[in-house]
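Peer 1: attaching a predicted model along with its sequence, questions to come.
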Amino acid sequence: MTTVKLRRGESQESLLKRFRKDVGKARILSAVRKKKWFVSRSELRRKAKRQGIRKAKRKLARKRKRQRW
């Protein structure tokens, strides 16, 4: 859990800004969004496979682009 303490002379806006930054770094919101709905293991595997294929295609495209230069 992310906690921030109010520093001496710090405004509420800067405290909130620091809190949001810490939450973003900890990736708390993304984890909460993922857990919002149940996803089966098979669905997770399919999603990972699709991401791997997409990543491989992008890597291949970058490699081809470099070779043209």
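Peer 2: It's in. Numbering: from 1, shown residues only.

Peer 1: next SSE after the helix or strand of the chain at the bottom of the mean pLDDT ranking?
Peer 2: The weakest-scoring helix or strand in the chain, judged by mean pLDDT, DSSP states H and E, is helix 28-34 (a mean of 89). With elements assigned by DSSP states H and E, the helix or strand that comes after helix 28-34 is helix 41-68.

Peer 1: mind listing what residue 4 touches?
Peer 2: 15, 18, 19, 22 (C-beta atoms under 8 Å, 6 or more residues apart in numbering). In this view, the C-beta of every residue, glycine as well, is placed from N, C-alpha and C.

Peer 1: please identify the helix or strand for it.
Peer 2: Counting by DSSP H and E, residue 4 is part of no helix or strand.

Peer 1: the one 3 residues further on now?
Peer 2: Secondary structure from DSSP H and E places residue 7 outside every helix and strand.

Peer 1: phi, psi for it please.
Peer 2: phi -80, psi 160 (degrees, to the nearest 10).

Peer 1: what's the local residue count around residue 2?
Peer 2: Using other C-beta atoms under 10 Å, residue 2 has 13 other residues around it.

Peer 1: find the nearest non-adjacent residue to it, please.
Peer 2: residue 22 (4.6 Å; C-beta to C-beta, 6 or more residues apart in numbering).

Peer 1: what is the rounded mean pLDDT of the helix or strand harbouring that neighbour?
Peer 2: Assigned by DSSP H and E, residue 22 belongs to helix 12-26. The average pLDDT for helix 12-26 rounds to 94.

Peer 1: name the residues of it that are buried.
Peer 2: residue 18 (16 or more other C-beta atoms under 10 Å).

Peer 1: if we can go back for a sec, looking at the contacts of residue 4, spot the one nearest residue 31.
Peer 2: residue 22 (14.1 Å; C-beta to C-beta).

Peer 1: distance check, that closest one against residue 5.
Peer 2: Residue 22 sits 11 Å away from residue 5, going by C-beta to C-beta, to the nearest Å.

Peer 1: and what of residue 29?
Peer 2: 21 Å.
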